[in-house]
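Q: coords please:
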Amino acid sequence: MEIPAPAVPEIPVPAEQREPVSVEVTVRLPAEALPAQPEMPPARPDMITRMAGAFQMEVDDRREIARQRDWFVRHPDYMVRVFQRSSRYLYHILDELERRQMPMDLALLPIVESAYDPFAYSHGRAAGMWQMIPGTARRFGVRQNWWYDGRRDVLDSTRAALDYLEYLYAEFDDWQLAVAAYNSGEGNVHRAIRRNRNAGKPTDFWHLRLPRETVNYVPKLLALVDIVSRPQKYGLELPQIEDRPYFQVVELDGQMDLALIAELADMDMDELYALNPGFNRWATDPDGPHRAVVPIDRAEQLTAAVSDLPGDARMRWVRYRIRSGDSLIAIAARHDTTPDVLKEVNGLRGHVIRAGDHLMIPTATRDLAAYTHSADLRLARTQSRPRGDARVSHTVASGDTLWGIARRYGVSTRSLAKWNGMAPGDTLSVGRTLAVWTKSGTGVPAVASLPAAKDRKIRYTVRRGDSLYRIAQKFRVSVAQIQGWNNLDKKKYLQPGQTLTMYVDVTRQSGG
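A: A predicted model of the protein is given here:
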């Protein structure tokens, strides 16, 4: 028989010793009584999506557009390559278009013009990613000189190109006509409109008689607008480009060696030139712009370094003692600068200099080969690129023309110009060395690859102890060239005081 356990009396526990009891209570408040939650900003789209969402130009179902579109669709690698190249510059261009309330479609124009290559140069003498010709660029305030070509500068060329497009839109009140005029000039478009109006024909772009290049130019832009608006439809996958600024401008307050800028910003020269393609030489222009465009994550570092840099440390200076027979032109050529720069930094009013006096000369801190995208090295690469079986050098003589030289070697004028980074209409300078690519069997001897040809005519006064060989070594030319330029008799010796004419390639001169 189970005996029940005796009941245990409950002993009261004082309140201060009791275990706390957790009670879960749910209280429902009306929605209006809840505190406002901060809204999370929507994720920004990539730049291509941002651009496509603001397109304004109408794309018609036209054969001309379809033909251009088919080419782009058949070359997907080209599309990817071009947009990857644009990634440095696209944010700036989109921001400028947005600020001016211009169609985002125009951000695709540099693809049509240059494939977004700021170093592009055309047979029509147009330069930069916006492909501006010298006259139009000057008209819209773009400076061009020995040190600097603003047509290639990202900031200056974009400003000028958009200024020009705004002007053209105000002129024609139609973006298709404005774009056509950007390509062919407003005069051509005005004449075509007048011709159609007089004939009672429509005056929209599609009915105008314009140059062949322009007839294809506008459809190319519209084909790109269509593709970028809906790449999936055409089986294309465009790169994702983060919608944020790529670069920042750092003020320099004066001329500065580009190699020093790259060193202070901890970046390589190729990237520095890609963001500052307007600089032709080894330093910024002494007359400005006094700025460097650098990746945004390098800007603070460069700003601090520049502010700590003494003013006289921004360039390397050489104290040069003027010798008998020297001229400003010859001295400038040997130091890769110009007579005007020497005059300015030394307070000279004219070209007269005296033996025994000294000049302060700004010089590159590194070998000129380090300045990878200077105008001279770009030209050297252009001239060295194989275009035929044999490369020949031709030194321009008085009376030479591109047409005449091309005919002599059996090549086209346009090819000869292209091989030498020129346009067919460019002026030749006497003494300049041209690269000519010929086919085998032409009987023209090939020569070793030559460096860039940025030649200056100088007069050299022979001094006691000089020889042709010594002078040739000094100026890095050949004895045969000196003899040819001066019609020298090989059997006669040089005489002190004799004046020689030479054409000196400034890219090959260094030292004092």
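
Q: my guess is residue 464 contacts residue 496, does it?
A: Yes: in this structure, residue 464 is within contact of residue 496 by Cβ atoms under 8 Å, at 4.8 Å. From N, CA and C alone the C-beta is placed, and that goes for glycine too.

Q: So which of the two has more stuff around it?
A: When residue 464 and residue 496 are compared for neighbours, residue 496 comes out ahead with 12 against 8, by other Cβ atoms under 10 Å.

Q: does the more buried one count as helix, strand or coil?
A: coil (DSSP: H, G, I helix; E, B strand; the rest coil).

Q: Centre of the chain to stretch 191-204, how far?
A: 38 Å (Cα atoms, centre = their mean, to the nearest Å).

Q: a helix runs through residue 362, doesn't it?
A: No: per three-state DSSP, residue 362 lies outside any helix segment and is strand.

Q: Dig out what it forms beta bridges with.
A: Counting by DSSP bridges, residue 362 forms beta bridges with residue 317.

Q: check contacts around it.
A: Residue 362 makes contact with 255, 283, 286, 315-317, 335, 337, 341, 345, according to Cβ atoms under 8 Å, 6 or more residues apart in numbering.

Q: Helix or strand: which one has the closest residue to residue 346 other than its chain neighbours?
A: Spatial nearest neighbour of residue 346, chain neighbours left out: residue 359 (5.3 Å); criterion: Cβ to Cβ, 6 or more residues apart in numbering. Under DSSP states H and E, the secondary-structure element containing residue 359 is strand 358-363.

Q: Show me what secondary structure element comes after the helix or strand of the chain at the bottom of the mean pLDDT ranking.
A: Least confident helix or strand, the chain: helix 375-384 with a mean of 61, by mean pLDDT, DSSP states H and E. Next in sequence after helix 375-384, counting helices and strands by DSSP H and E, comes strand 390-395.

Q: other SSEs contacting that following strand?
A: helix 402-409, strand 433-438 (3 or more Cβ pairs under 8 Å, 6 or more residues apart in numbering; DSSP states H and E).

Q: How many residues are close by the nearest residue to residue 261 once chain neighbours are set aside?
A: Distances taken as Cβ to Cβ, 6+ apart place residue 292 nearest to residue 261, at 5.0 Å, with adjacent residues excluded. Here the number of neighbours of residue 292 (other Cβ under 10 Å) works out to 28.

Q: next one: phi and psi at residue 292?
A: Taking degrees, to the nearest 10, you get phi -130, psi 140 for the backbone angles of residue 292.

Q: can I assume it is in contact with residue 264?
A: No: with contact defined as Cβ under 8 Å, residue 292 does not reach residue 264; the gap is 9.2 Å.

Q: Would you mind grabbing the residues shared as contacts by those two?
A: In contact with both residue 292 and residue 264: residue 302, using Cβ under 8 Å, 6+ apart.

Q: Skipping adjacent residues, who's closest to residue 350 in space?
A: That would be residue 343: by Cβ to Cβ, 6+ apart, it lies 7.8 Å from residue 350.

Q: Residues contacting the helix or strand harbouring that neighbour, please?
A: Assigned by DSSP H and E, residue 343 falls within helix 339-346. By Cβ under 8 Å, 6+ apart, the surrounding residues in contact with helix 339-346 are 286, 328-329, 331-332, 348-351, 359-362.

Q: chain center to that helix, what's the gap?
A: Centre to centre, stretch against its chain (Cα atoms, centre = their mean), the figure for helix 339-346 is 27 Å.

Q: ok, now stretch 493-509?
A: That offset, for stretch 493-509, works out to 35 Å (Cα atoms, centre = their mean).

Q: Output that stretch as CSV, nothing but the C-alphas.
A: Extracted as CSV, the C-alpha positions of stretch 493-509 are listed here (Å, rounded to 0.1, in the frame of the first residue of the first chain):
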residue,chain,number,x,y,z
TYR,A,493,88.5,70.5,-93.9
LEU,A,494,86.2,72.7,-91.7
GLN,A,495,87.4,76.1,-90.9
PRO,A,496,86.9,77.9,-87.5
GLY,A,497,84.2,80.5,-88.0
GLN,A,498,82.5,78.6,-90.8
THR,A,499,78.7,78.4,-90.3
LEU,A,500,76.8,75.1,-90.7
THR,A,501,73.1,74.7,-91.1
MET,A,502,71.6,71.6,-89.3
TYR,A,503,68.2,70.2,-88.6
VAL,A,504,68.3,68.9,-85.0
ASP,A,505,65.8,66.4,-83.6
VAL,A,506,65.0,67.8,-80.2
THR,A,507,63.9,64.4,-78.8
ARG,A,508,67.5,63.1,-79.1
GLN,A,509,69.2,66.0,-77.3
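
Q: Give me the mean pLDDT for it.
A: Averaging pLDDT along stretch 493-509 gives 72.

Q: shaky segments in the stretch 251-400 of the chain?
A: 365-389 (pLDDT under 70).

Q: how about stretch 478-486: buried residues?
A: Neighbour counts over stretch 478-486 (16 or more other Cβ atoms under 10 Å) mark 479, 481-482, 485-486 as buried.

Q: now the end-to-end length of stretch 127-147.
A: By Cα to Cα, to the nearest Å, the extent of stretch 127-147 from end to end equals 15 Å.

Q: Would you pull up how far it lies from the middle of the chain?
A: 12 Å.

Q: list the buried ones in it?
A: 127-133, 136-137, 140, 142-144, 147.

Q: will you turn the residues you listed into a markdown table that also has secondary structure and distance to residue 216?
A: As requested, those are exported to a markdown table (DSSP: H, G, I helix; E, B strand; the rest coil; distance: Cβ to Cβ, whole Å):
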| residue | secondary structure | distance to residue 216 |
| --- | --- | --- |
| 127 | strand | 21 |
| 128 | coil | 21 |
| 129 | coil | 19 |
| 130 | coil | 18 |
| 131 | coil | 15 |
| 132 | strand | 20 |
| 133 | coil | 19 |
| 136 | helix | 20 |
| 137 | helix | 24 |
| 140 | coil | 25 |
| 142 | coil | 26 |
| 143 | coil | 32 |
| 144 | strand | 28 |
| 147 | coil | 36 |
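
Q: can you put those in JSON lines and add pLDDT?
A: As requested, these are exported to JSON lines (pLDDT from 0 to 100):
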{"residue": "127", "pLDDT": "91"}
{"residue": "128", "pLDDT": "94"}
{"residue": "129", "pLDDT": "96"}
{"residue": "130", "pLDDT": "98"}
{"residue": "131", "pLDDT": "95"}
{"residue": "132", "pLDDT": "95"}
{"residue": "133", "pLDDT": "93"}
{"residue": "136", "pLDDT": "95"}
{"residue": "137", "pLDDT": "95"}
{"residue": "140", "pLDDT": "97"}
{"residue": "142", "pLDDT": "96"}
{"residue": "143", "pLDDT": "94"}
{"residue": "144", "pLDDT": "91"}
{"residue": "147", "pLDDT": "86"}
